[in-house]
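Asks: model this:
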Amino acid sequence: MVRPLHPALLAAQRKGGGIPYITLTLRRREGGVERPSLSLWHQNPSGPQGPHAATSPGDGSLARATVAGGQLLYQRVPSPGPQSDYSLWTSLGPAQSAVALASNGAKVLLAYVESGTVKVRESTNYGASWGSPVAIASISASYLAAAYGSADEAAVFLATSSQLMVVKRSRGVWGSLTSWPHTLASITGLACHYLGDYNLLVTGVDPQGKRGVWAVVLGDGYRWPEGSWSPRQEIQMADAESQVFFSLPSLAWSQVYRLAFLESFSGVVPYSRVYLSYIPLASEFADGLWREPLPTPLQGAMVLVGGPQGIWLSSPRALWHAPIPGPIMEAGDRLLELEVRERPLDGRMRIVLEDGDGSLAASGLLVPGTEIDIGLGYHTSQGPKTSHMPSHWIEAVEWRREGGRRWANVQARPLWGLLEAFRARRQYSWNPGEKNIFSLLAYVMGRAGIPFSSLSYSATAVNRRPAFAIHPGQPALESARSLLAMVPDVVVPSGPYAYLKDPTAPETPCYQFGREHPIIAVRRVIDSAQANRIQIWGAGVIVEGFFWESVDQVGDRLVQIRDLGIASPEGAQQRLEAELWRLQKAIRGVIEVPVNCGQELYDVVELVGAPELGPGPFRVMEIETIFRAGGGRYFQRLALAAP
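Replies: Sure, this is the predicted structure:
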């Protein structure tokens, strides 16, 4: 479907001679999610050191606590900034082994262990002062996590060496301890955040000796029933022989859910490194979709905290900060040239930006990894209007200076570049019946940081649950291609998102060229078919299909597809129809038109006054968008195939 357009923009692009208006925005984002740029705010190598917790209450202050020397030390910085004093700590009394902080508006909850008892104290003024201690559990916990729930509810989660328990407060009264239903050989850390349910991170070792970081939900009626536990969902795993351990996770909300944990290696060259990850846009904690955790240069345990200014990574001796949203630059008025080519599972962008004043170079944003957001538009009767193209990410920048002019040539790719660049760190595998193809695609996209949803989907995409594996070092794009080969569905990039679409579903044309929107040029293409006979070999089942006209022209050109995951004639026929549909998408013609600002891949369009291509409608299989500021060129070439 064509992206929705403002009526004034629709009218302007149909005139055929409208004045171009293009916006270009640069951001440090991946898949639409802000990428944190950490800066050091505080460091004191001689400060206290021990179990640590931090939170940012509703007034934007930063509250931190640690257990050191048998004392519970607390610090509150009302207006945290790079020049604030983070060296002053106040003792709140004796404590041992574990501490946790949680906040909700003006309320702050502090949990800690004293003499084998878990106690809590609460503040109602953003952590400026504290109520008296309340004992809630007689147990010596190794790790604590806390969260406020709905209304006046709260929960404190505690872990011993191998067991996780929770005590909840309802209507001001703390209940009794209850245990989760899962089993771990050991637990090495715990974190919690509430958003409709109690969302937890747990690190440790499973009964088979594998080290892991897991997500688990204690339901409060949002995605899981109240009081019920979800299955454990793995975020990161390491084999028992790897000498890798995970510990001390933390969880925070800033634009999306973000996590941090400590990865330690005890081999020949040991290290202890903080890793960060996040949930892709439009996903929820219970979905279990996380971007592949990314290493940072930070050593030692850090607590991740979300606040109105961005995120902090905190330890008793250091504090790092990253603003969210991060830096942004509008550069549409610097655009000299634009070339974008959109193709199935591929695409490229080239832009030329003027930088005579050097501000582009000084911004630090014109570097690999930066997200480019292009808005195609026109000056209209109601002012400039645009429609946003699929996001691209910079891969290379060439700076040039000649004759007093300075400019940058920028090469970028859409989300397919992110998928191709991502390599699996380890083996992932699913048994038959475990996940459907839609869920597997969502997982592959998510590990590369790409948000994934659907415009429509085939029955095969949701009903087929194949055995599937991703091998170490395998590009995510290769995995996505393998999954898409099993279904007729296609993926449509839109903004930072990837949307699944079933193009075999009945679809009426969504746009017309030739009557109101002029066609500048037409080119007809007649090409021999790459294949005209398809055989599907499944487990004990074989089906085949033909394009008889092509067979008559060039003889049979056979493609055999072996897929032992297909065990029924119905499944084989569905795969055959998907392959035949793909073969039918050979380009039949190309039209050149003034830019349609809302044009998307796989749209079905109709043509008026283009008899060279025969009767339509047609499906858009490639889009080439060209802009030249100097020559006044602003047009698109659309490669068309049968619908």
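Asks: now do the helices in this protein.
Replies: 7-13, 359-363, 415-421, 437-447, 459-463, 476-484, 548-554, 569-583 (DSSP state H).
Asks: hmm, who's touching the second one?
Replies: Identification of contacts with helix 359-363 by CB atoms under 8 Å, 6 or more residues apart in numbering yields L26, P327, M329, A331, R334, L353, D355, L366, W399, A408. For every residue, glycine as well, the C-beta is placed using N, CA and C.
Asks: now with 6 Å, please.
Replies: M329, D355, L366 (CB atoms under 6 Å, 6 or more residues apart in numbering).
Asks: tabulate the residues you listed in JSON lines, adding columns for distance to A539 and neighbour count.
Replies: Formatted as JSON lines, these follow (distance: CB to CB, whole Å; neighbours: other CB atoms under 10 Å):
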{"residue": "M329", "distance to A539": "55", "neighbour count": "16"}
{"residue": "D355", "distance to A539": "59", "neighbour count": "20"}
{"residue": "L366", "distance to A539": "52", "neighbour count": "20"}
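Asks: for those, which one is nearest K168?
Replies: M329 (47.0 Å; CB to CB).
Asks: so what's the residue nearest to that closest one when sequence neighbours are not counted up against?
Replies: Nearest in space to M329, with sequence neighbours left out and distances taken as CB to CB, 6 or more residues apart in numbering, is L26 at 4.6 Å. Shown in contact with L26 (CB under 6 Å, 6+ apart): M329, L365, T370.
Asks: low pLDDT regions in the stretch 401-550 of the chain?
Replies: 528 (pLDDT under 70).
Asks: show me where it has its strands.
Replies: If DSSP state E, counting those that start in this stretch is used as the criterion, the strands of the stretch 401-550 of the chain fall at 405-413, 428-430, 452-454, 468-470, 490-494, 497-501, 511-513, 521-524, 533-537, 542-546.
Asks: for the first one, packing partners?
Replies: In terms of contacts (3 or more CB pairs under 6 Å, 6 or more residues apart in numbering; DSSP states H and E), strand 405-413 is packed against strand 346-354, strand 392-402.
Asks: pLDDT-wise, which helix or strand of the protein ranks last?
Replies: Of all helical and strand segments in the chain, the minimum by mean pLDDT, DSSP states H and E falls on helix 548-554, at a mean of 75.
Asks: buried sites along that one?
Replies: S550 (16 or more other CB atoms under 10 Å).
Asks: distance check, the most far-flung residue of the chain relative to its centre against L109.
Replies: When each C-alpha in the chain is compared with the mean C-alpha position (CA atoms, centre = their mean), D552 comes out farthest, at 48.2 Å. Note on D552: its distance to L109, by CB to CB, to the nearest Å, is 77 Å.
Asks: who's in contact with stretch 603-619?
Replies: Against stretch 603-619 from outside (CB under 6 Å, 6+ apart): 2, 507, 509-515, 519, 522, 524, 589, 620, 640-641, 643.
Asks: got the CA coordinates for that stretch in PDB?
Replies: Extracted in PDB, the C-alpha atoms of stretch 603-619 (Å, rounded to 0.1, in the frame of the first residue of the first chain):
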ATOM      1  CA  ASP A 603       2.500  -1.900  -4.200                       C
ATOM      2  CA  VAL A 604       0.000  -2.800  -6.900                       C
ATOM      3  CA  VAL A 605      -0.500   0.100  -9.300                       C
ATOM      4  CA  GLU A 606      -2.400   0.600 -12.600                       C
ATOM      5  CA  LEU A 607      -1.300   2.500 -15.700                       C
ATOM      6  CA  VAL A 608      -3.300   4.600 -18.100                       C
ATOM      7  CA  GLY A 609      -1.800   5.400 -21.500                       C
ATOM      8  CA  ALA A 610       1.100   2.800 -21.400                       C
ATOM      9  CA  PRO A 611      -0.100   0.200 -24.000                       C
ATOM     10  CA  GLU A 612       3.500  -1.000 -24.500                       C
ATOM     11  CA  LEU A 613       3.300  -2.900 -21.200                       C
ATOM     12  CA  GLY A 614       0.000  -4.600 -22.000                       C
ATOM     13  CA  PRO A 615      -3.000  -4.700 -19.600                       C
ATOM     14  CA  GLY A 616      -2.300  -4.200 -15.900                       C
ATOM     15  CA  PRO A 617      -2.400  -4.000 -13.000                       C
ATOM     16  CA  PHE A 618       1.300  -4.300 -12.100                       C
ATOM     17  CA  ARG A 619       3.300  -4.800  -9.000                       C
END
